[in-house]
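# curious how this folds, go ahead:
(one chain, ligands or ions: 1)
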Amino acid sequence: MRLPPYVRGQTHHPGAHRYGAVLPGAKFGVARVRVGFTGVMTRRRILVLGGTAWLGREIARAAVSRGHEVTCVARGESGEAPDGVTLVRADRDHEDGLAAVATSTSTATSTEPWDAVIDVSRQPGQVRRAVRDLAASGLYIFVSTGNVYADQNASGADEDAPLLDPLAADVMESMADYGQAKVACERAVLDGFGPERSLVARSGLIGGPGDLSGRTGYWPTRFAHPSGSDGAVLVPGDRELSTQVIDVRDLAMWLVRAAEGDAGSASDGARSSARGIMNAMGDRVSLGDHLATARAVAGHTGPLVAAETEWLVRHGVEEFAGPKSLPLWLSDPDWRGFMARSNARAKASGLTLRPLAETLADVLAWELGAGMEQPHGAGLSEAEERELLAELAQAMSAPG
Ligand SMILES: NC(=O)c1ccc[n+]([C@@H]2O[C@H](COP(=O)([O-])OP(=O)(O)OC[C@H]3O[C@@H](n4cnc5c(N)ncnc54)[C@H](OP(=O)(O)O)[C@@H]3O)[C@@H](O)[C@H]2O)c1
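Modelled structure (predicted):
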């Protein structure tokens with residue numbers, strides 16, 4: 001089955017700031033925590049449903065860095081939880097999978113209410129059971145996605161845009177149902193906690209160090225290591241298309257600040273009013289500017305060789321992600337709004353975005369430092385790029 005472009009490169013279960021320091025003698029629940037050099041806030045008990053894969057781990061790490069007491073729930077199959085958290089191993093596919101951390105009396109055991117729950121699941125049944133079992137928690141933050149929207153063609157659309165129908169089933173069987181599954185998850189959270197006690201964060205494309213999908217690492221890495229001796233890099237011709245990347249660290253920190261709510265310190269700009277539904281997305285940047293930034297951080301000075309959409313499609317190059325692709329290039333008219341949504345509501349609530357150059361420099365350092373196989377998840381192999389560049393050169397030199 002061929003998946004739509006937005007889910008290509010994603011799998012079912014794919015992979016700090018130094019703001020906080022816990023004051024000596026701090027105890028759970030009531031401790032005061034120094035934030036940066038200026039503010040003081042209340043330590044929170046935060047439950048991360050996830051924490052062993054990329055974003056969840058970054059959320060847990062950010063929460064620990066802010067001095068919170070952090071518990072993660074996962075099976076432990078995706079990876080390790082970060083240092084400083086308590087990992088509860090549990091399978092959320094089981095009816096009583098959350099018994100060890102439940103706050104509701106509907107389960108056999110119950111614990112003190114969590115100040116905030118942060119959930120990265122994509123399975124409606126997992127989220128429905130969590131909403132039931134954690135009902136006494138103060139706040140439920142759900143990481144959703146821009147894939148919940150019914151239309152992906154309009155530029156600048158906000159959170160009020162129409163949604164897909166929710167998935168009725170408890171289990172999403174394939175990534176083709178990803179958007180509908182997330183709609184069902186959102187609905188369970190909003191029905192259970194209401195907009196005042198919940199945050200549905202509709203994330204856009206996440207990037208930065210740790211991006212195993214290769215979508216944000218490909219361009220700086222390719223510019224740092226062109227496939228040919230003349231340094232040429234093959235790029236899409238249509239550079240007016242929009243891109244929109246949120247750094248994993250910015251997203252994680254904003255979610256943690258939302259979990260702090262009024263306890264956040266105003267003096268370090270950390271207080272967050274994020275509640276209800278928000279697009280948690282990067283700023284819109286044209287593909288041309290994105291490539292120029294990637295080129296600058298990689299120090300590339302070789303030629304850019306542009307290929308038009310029709311030529312790329314004819315030569316089997318995929319859009320956006322996956323094998324033999326040009327990452328972030330999304331020219332399908334039905335998907336041109338996918339990376340062009342409004343993030344105004346989240347920014348007004350305190351979402352702070354670092355410069356794209358920092359994200360791309362850091363993902364490049366991660367790619368090179370970790371010795372990642374190239375390309376991984378998305379992009380052209382060196383052999384593919386060399387072959388395409390040769391064919392393009394031949395086509396351009398042919399008498400026309
Ligand atoms: N990547 C993007 O560009 C993008 C864009 C928009 C939205 N998002 C959203 O961002 C989030 C990414 O989260 P992530 O990076 O942390 O990766 P993920 O793979 O979505 O994380 C899944 C987490 O849930 C745990 N899990 C899975 N099945 C479980 C089960 N049966 N019982 C208990 N735990 C289970 C996994 O741990 P174990 O396997 O160890 O159990 C893992 O920690 C997702 O919500 C995704 O939809 C991503």
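# skipping its backbone neighbours, what lies nearest residue 190 in space?
Nearest residue to residue 190, sequence neighbours excluded (C-beta to C-beta, 6 or more residues apart in numbering): residue 198, at 6.0 Å. C-betas here are computed from N, CA, C, even on glycine.
# neighbours around the one you found, how many?
By the measure other C-beta atoms under 10 Å, the count of residues near residue 198 is 21.
# from residue 139, how far out is it?
Plainly put, residue 198 is 7 Å away from residue 139 if you go by C-beta to C-beta, to the nearest Å.
# and if you look at residue 328?
33 Å.
# who has more neighbours, these two?
With neighbours defined as other C-beta under 10 Å, residue 328 and residue 139 compare such that residue 328 has more, 27 against 21.
# now that one: closest residue in space that isn't a chain neighbour?
residue 243 (4.9 Å).
# any weak-confidence spans in the stretch 201-350 of the chain?
Within the stretch 201-350 of the chain, the stretches with pLDDT under 70 are 262-272.
# around the ligand, pick out the residues from it.
203, 205-206 (C-beta under 6 Å from any ligand atom).
# tell me the strands in the stretch 101-250 of the chain, going along the chain?
Per DSSP state E, counting those that start in this stretch, the stretch 101-250 of the chain carries strands over the ranges 116-119, 140-145, 198-203, 205-207, 233-236, 242-247.
# does anything pack onto the first one? Which helices or strands?
Going back to what we said before, that points to strand 116-119. Counting by 3 or more C-beta pairs under 8 Å, 6 or more residues apart in numbering; DSSP states H and E, the packing neighbours recorded for strand 116-119 are strand 45-49, helix 124-133, strand 140-145, helix 248-260.
# spatially central, which residue of the protein would that be?
Centroid check for the chain by C-alpha atoms, centre = their mean gives residue 206 as the closest residue, at 3.4 Å.
# I'd guessed that one sits against residue 244; true?
No: counting by C-beta atoms under 8 Å, residue 206 sits too far from residue 244 to count as a contact (10.6 Å).
# tell me the one of the residues of the stretch 201-350 of the chain next to the ligand nearest residue 283?
Comparing those against residue 283 with C-beta to C-beta picks out residue 205 as the nearest, at 12.1 Å.
# would you map the helices across the stretch 301-400 of the chain?
Using DSSP state H, counting those that start in this stretch, the helices of the stretch 301-400 of the chain run over 309-314, 344-348, 356-369, 382-397.
# so for residue 227, which of those helices sits nearest?
Ranking those by proximity to residue 227 (C-beta to C-beta) places helix 382-397 first, at 3.9 Å.
# please save the CA atoms from the closest one in PDB.
What follows is helix 382-397, C-alpha atoms only, in PDB (Å, rounded to 0.1, in the frame of the first residue of the first chain):
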ATOM      1  CA  GLU A 382      25.000   9.200  -3.200                       C
ATOM      2  CA  ALA A 383      24.600   6.800  -6.200                       C
ATOM      3  CA  GLU A 384      21.000   7.900  -6.800                       C
ATOM      4  CA  GLU A 385      22.000  11.600  -6.700                       C
ATOM      5  CA  ARG A 386      25.000  11.100  -9.000                       C
ATOM      6  CA  GLU A 387      22.800   9.200 -11.500                       C
ATOM      7  CA  LEU A 388      20.100  11.900 -11.500                       C
ATOM      8  CA  LEU A 389      22.600  14.700 -11.800                       C
ATOM      9  CA  ALA A 390      24.200  12.900 -14.800                       C
ATOM     10  CA  GLU A 391      20.800  12.400 -16.500                       C
ATOM     11  CA  LEU A 392      19.800  16.000 -15.900                       C
ATOM     12  CA  ALA A 393      23.100  17.300 -17.400                       C
ATOM     13  CA  GLN A 394      22.600  15.100 -20.400                       C
ATOM     14  CA  ALA A 395      19.000  16.300 -20.800                       C
ATOM     15  CA  MET A 396      20.100  19.900 -20.600                       C
ATOM     16  CA  SER A 397      22.900  19.500 -23.100                       C
END
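# nearest spatial neighbour of the residue nearest to the centre of the chain, chain-adjacent residues omitted?
Residue 206's closest residue in space is residue 248 (C-beta to C-beta, 6+ apart), at 5.1 Å.
# pretty sure the one you found sits against residue 207.
Yes: using C-beta under 8 Å, residue 248 makes contact with residue 207 at a distance of 6.9 Å.
# to residue 315, which of the strands of the stretch 101-250 of the chain lies closest?
Among these, strand 233-236 comes nearest to residue 315, with 10.2 Å by C-beta to C-beta.
# who are the packing partners of the closest one?
Against strand 233-236 (3+ C-beta pairs under 8 Å, 6+ apart) you get helix 287-298, strand 304-307, strand 325-327, helix 382-397.
# of all the residues in the third one, which ones are buried?
Spelled out, that is strand 325-327. 325-327 (16 or more other C-beta atoms under 10 Å).
# list just the nearest of the residues you listed to the ligand.
Closest approach to the ligand among these (C-beta to the nearest ligand atom): residue 327, at 11.7 Å.
# residue contacts, the closest one?
Taking C-beta atoms under 8 Å, 6 or more residues apart in numbering, we find residue 327 in contact with 214-216, 218-219, 320-321, 378-379.
# again, only using 10 Å
Going by C-beta atoms under 10 Å, 6 or more residues apart in numbering, residue 327 touches 9, 205, 213-219, 222, 236, 243, 290, 318-321, 375, 377-380.
# for residue 391, give its distance to residue 314.
10 Å.
# more neighbours, those two?
Neighbour count, other C-beta under 10 Å: between residue 391 and residue 314, residue 391 has more, with 13 against 10.
# would you agree the residue nearest to the centre of the chain is in contact with residue 216?
Yes: contact criterion C-beta atoms under 10 Å: residue 206 and residue 216 qualify, at 8.1 Å.
# okay, and the common contacts of these two?
245-248.
# just to revisit the earlier point, overlap of the contact sets of residue 391 and residue 314?
In contact with both residue 391 and residue 314: residue 307, using C-beta under 10 Å, 6+ apart.
# intersection of neighbour lists for residue 206 and residue 244?
281-282.
# could you find the closest non-adjacent residue to residue 125?
Closest to residue 125 by C-beta to C-beta, 6+ apart is residue 170, at 2.8 Å.
# typo on my end, it should be residue 273
Take residue 273 and drop its neighbours on the chain: the residue closest to it by C-beta to C-beta, 6+ apart is residue 349, 4.9 Å away.
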